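Novice: I need the structure of the sequence given here:
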Amino acid sequence: MQSVATRIEVLGRARLTLPTGAVHMERKTAALVTYLAIEGPTQRSRLASLLWPDAPDSAGNLRQSLHRLRRPLGAQGLEGVDPIGLCEGILVDALLFQKHFEAREYSKLIHQGELLAGFTYDGCDEFEDWLRIQRARFHYQQCRAAETEALRMEQDGQFEAALDVVRRLLQLQSTSENAWQAAIRLHLQLGDRSSALRAYRDCKEQLHRELGIDPSPETRALVQDLERPTEQEHSRTRPPEDRSLDDLCPPHLLGRDNEWALLEEAWAAGRPVYVFGEAGIGKTRLVSDFCSAQEGSWLLVAARPADPSAPYATSARLSRFVLGLEPQRPLEPWVRQEIARLVPELEPSAPPLPSSPEEKARLAEALARLIRTHCGKMSALVLDNAHRADAASLELHLRVQDLLLEPGPEGETLRMLTCFRTGELSPAFEDRLREHREAGLAAWLSLEPLTLASVGELIDDIGVPELKSIVPQMAKYTGCNPFFVIETARSLLAAGFDGRFPAAPPTSDRVTLIVEQRLKRLSPDALRLARTVALAGADFSLELAACVLGLNLDQLAAPWKELEEAKVLRGATFTQGVLRRIVIETLPQPVREAVLRRISAWLQQRR
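Specialist: The predicted structure follows:
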């Protein structure tokens, strides 16, 4: 039996901890021992093909690596000849981690590192794929362990210890709003208002930089009272020049009277609502303001960009939010068992994700029951950014929505509102939503850009009088998109606004990111055509485009139609000046110059 002092560490930097000291492993040896630890005894041929797929003597390379491993471990380190595996007496931190996680002993799991941290395996494609999956699994479990342990410590009043765990969680997952919310709460529990505000601003910056999104309403709600001035501060009028650019947000919802009336009609009928609109058009603001104006509380949960990589990721987040509303409320055993499919920490032996139609239907019934019991006093449940949700969660969402159409046991009605970004759903799923609308099972609301008059009201509501003189130029440049208007106003003021709208207005990173994401959804031909329109300007014609792109006129029909349906072009004009600008700026300079030369040559020939 191997000495208990011998330990193999592969979470973090790979090394052997022996009675005589620590020995670091080279990358192939570390890969070999990690694979054997996780997968168990393995055929030699399998190991050789994984780690030396193109080597002429892969079997010899394997023998050398096994020799390097046996030398420090001793004769009892490996067992078997073919297949070969690790002896039972060997302690491997990854296996201990798994054991503690399954036993829900989370306090022992919050200081682990990445699996084989620092190692890459170029040329070992199959092993790299395996390692990528294992790293994702351990990373997820480390995050869940830290999140659960921090919550336990917070509930036990161990605020400083919980804050240490939350900091570790943020190192693992810097875009976790749950972790940022916990950090803000814990700072407030410790009486540190300034650190709570700093945590919120760090959260906001991180989400903008990594995901291009704003903090959710529930995160903003944690610091609302902190950002309000005290009575003494409120009695003093703050001079405009001291005003933070982050404050340039209109306090009132403007230009949405018709949409508000449609929401009121659907609300009175208890019908779910699908809200569609392009990025920045104001979907979240409209729904949030509307729900806040109704009686009763409401809950907003947002899908995230990474959700499509994991089935039921969005549904799992929704379930955790709902469970968190009343964490001490008992669940019916069958509901608990089903929800554990989405939230494995509910049950030590959680069942797998549903696969059959019967399992999916039962999970939908359980989630609907969970929502009824935990959100019974709420008036609305909002799923925001639903275009980012994984396909399995979207299907489950529709099933649950149908189950919640009927009033609850006490006659209560929970309204469901779902926000989607236009053009980012699969045509098949969008057709499903249209069928719901046509059958009277849901209302459909499409948000269009503001009118010129509403843009003027919005700028007036911002409270910077000098911007009123550029309302027409601002409307044309932003396409009357409210978020683009606000961001452009901030950029102009930050750059030193002199009263004139510049030929090349500064563009914020957030607007640039939204536009670039929009352009990525275009086909190559449509993007090439858009760039030709942008560079040709007033000289553009279809004949010019056909010459520059080397196409026949009839070959321009499909990309032209795509640009109009995507609302990039209206006729030969860009719907937003900022769109035209970023279309040009994303074209590499040498290519841009070559296209301009073609345009110039064609124009000279015509003249």
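Novice: Name the residues of stretch 13-32 that are buried.
Specialist: For stretch 13-32, a neighbour-count test (16 or more other CB atoms under 10 Å) marks 13-16, 25, 28-32 as buried. Backbone N, C-alpha and C define where each C-beta goes, glycine included.
Novice: And for stretch 89-106?
Specialist: So, applying 16+ other CB under 10 Å, buried residues of stretch 89-106: 90-94, 97-98, 100-101, 106.
Novice: picking up where we left off before, mind checking which of the buried residues of stretch 13-32 land in strands?
Specialist: 15-16 (DSSP state E).
Novice: from the buried residues of stretch 13-32, which two are the most distant?
Specialist: Distances among the buried residues of stretch 13-32 were taken as CB to CB; the most separated pair is Arg13 and Leu32, at 16.1 Å.
Novice: Closest one of the buried residues of stretch 89-106 to Arg193?
Specialist: Tyr106 (29.6 Å).
Novice: Could I get the full set of strands for the stretch 201-350 of the chain?
Specialist: 273-277, 297-302 (DSSP state E, counting those that start in this stretch).
Novice: Pick out the shakiest of those strands, pLDDT-wise.
Specialist: Mean pLDDT is lowest for strand 297-302 among the strands of the stretch 201-350 of the chain, at a mean of 86.
Novice: Count the residues that sit near the residue lying closest to His397 once chain neighbours are set aside.
Specialist: Sequence neighbours aside, Leu383 is the residue nearest to His397 in space, at 6.4 Å (criterion: CB to CB, 6 or more residues apart in numbering). Using other CB atoms under 10 Å, Leu383 has 23 neighbouring residues.
Novice: now Leu383, which residues is it bridged with?
Specialist: When bridges are called by DSSP bridges, Leu383 pairs up with Val301, Thr418.
Novice: so what's it scoring on pLDDT?
Specialist: pLDDT at Leu383 comes out at 94.
Novice: separation between Asp255 and Gly456?
Specialist: Quick fix: residue 255 reads Gly, not Asp. Per CB to CB, to the nearest Å, Gly255 is found 10 Å from Gly456.
Novice: Can I get the buried residues of stretch 89-106 in CSV including pLDDT and secondary structure?
Specialist: Shown next, in CSV, are the buried residues of stretch 89-106 (pLDDT from 0 to 100; DSSP: H, G, I helix; E, B strand; the rest coil):
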residue, pLDDT, secondary structure
Ile90, 80, coil
Leu91, 84, strand
Val92, 86, strand
Asp93, 86, helix
Ala94, 87, helix
Phe97, 87, helix
Gln98, 84, helix
His100, 85, helix
Phe101, 82, helix
Tyr106, 79, helix
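Novice: Against which helices or strands is the longest helix belonging to the chain packed?
Specialist: Scanning the chain for the helix with the most residues, using DSSP state H, yields helix 125-155. Applying 3 or more CB pairs under 8 Å, 6 or more residues apart in numbering; DSSP states H and E, we find helix 125-155 packed against helix 27-39, helix 44-51, helix 93-102, helix 159-172, helix 177-189.
Novice: The shortest one - contacts with which helices or strands?
Specialist: For helix 44-51, the contact count by 3+ CB pairs under 8 Å, 6+ apart identifies helix 27-39, helix 58-73, helix 125-155 as packing neighbours.
Novice: rewinding a little: ok, the buried residues of stretch 89-106 vs Gly571, which is closest?
Specialist: Using CB to CB, these come closest to Gly571 at Phe101, 59.3 Å.
Novice: so how many other residues sit close to the closest residue to the closest one other than its chain neighbours?
Specialist: Sequence neighbours aside, Gln141 is the residue nearest to Phe101 in space, at 5.1 Å (criterion: CB to CB, 6+ apart). Using other CB under 10 Å, Gln141 is surrounded by 20 other residues.
Novice: tell me the contacts of Gln141?
Specialist: By CB atoms under 8 Å, 6 or more residues apart in numbering, the contact set of Gln141 is 97-98, 101, 109.
Novice: same thing but 10 Å
Specialist: 97-98, 100-102, 106, 109, 112, 344-345 (CB atoms under 10 Å, 6 or more residues apart in numbering).
Novice: pLDDT weak spots in this structure?
Specialist: 1-5, 75-76, 110-111, 225-248, 408-411 (pLDDT under 70).
Novice: which one of the helices and strands packed on helix 44-51 lies closest to Val166?
Specialist: helix 125-155 (5.0 Å).
Novice: buried residues in that closest one?
Specialist: 127, 130-131, 134, 138, 141-151, 153-154.
Novice: try stretch 113-126
Specialist: 113-116, 119, 121, 124.
Novice: Next: stretch 327-334.
Specialist: Buried, per 16+ other CB under 10 Å, within stretch 327-334: Leu331.
Novice: Next, the distance between the ends of that stretch.
Specialist: 17 Å (CA to CA, to the nearest Å).
Novice: gap between it and the chain center?
Specialist: 29 Å (CA atoms, centre = their mean, to the nearest Å).
Novice: same thing with stretch 307-325?
Specialist: 12 Å.
Novice: Repeat that for stretch 460-474.
Specialist: Worked out by CA atoms, centre = their mean, stretch 460-474 lies 33 Å from the chain centre.
Novice: Need the CA coordinates for that stretch. PDB is fine.
Specialist: C-alpha atoms of stretch 460-474 as PDB (Å, rounded to 0.1, in the frame of the first residue of the first chain):
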ATOM      1  CA  ASP A 460     -34.300  67.300 -22.900                       C
ATOM      2  CA  ASP A 461     -34.900  64.700 -20.200                       C
ATOM      3  CA  ILE A 462     -31.200  64.100 -19.900                       C
ATOM      4  CA  GLY A 463     -30.800  67.600 -18.600                       C
ATOM      5  CA  VAL A 464     -27.900  69.000 -20.700                       C
ATOM      6  CA  PRO A 465     -29.400  72.000 -22.500                       C
ATOM      7  CA  GLU A 466     -26.500  72.500 -24.900                       C
ATOM      8  CA  LEU A 467     -27.400  69.100 -26.600                       C
ATOM      9  CA  LYS A 468     -30.800  70.400 -27.800                       C
ATOM     10  CA  SER A 469     -29.300  72.100 -30.800                       C
ATOM     11  CA  ILE A 470     -28.100  68.900 -32.400                       C
ATOM     12  CA  VAL A 471     -31.300  66.800 -32.000                       C
ATOM     13  CA  PRO A 472     -31.800  66.300 -35.800                       C
ATOM     14  CA  GLN A 473     -28.100  65.200 -36.300                       C
ATOM     15  CA  MET A 474     -28.300  63.000 -33.300                       C
END
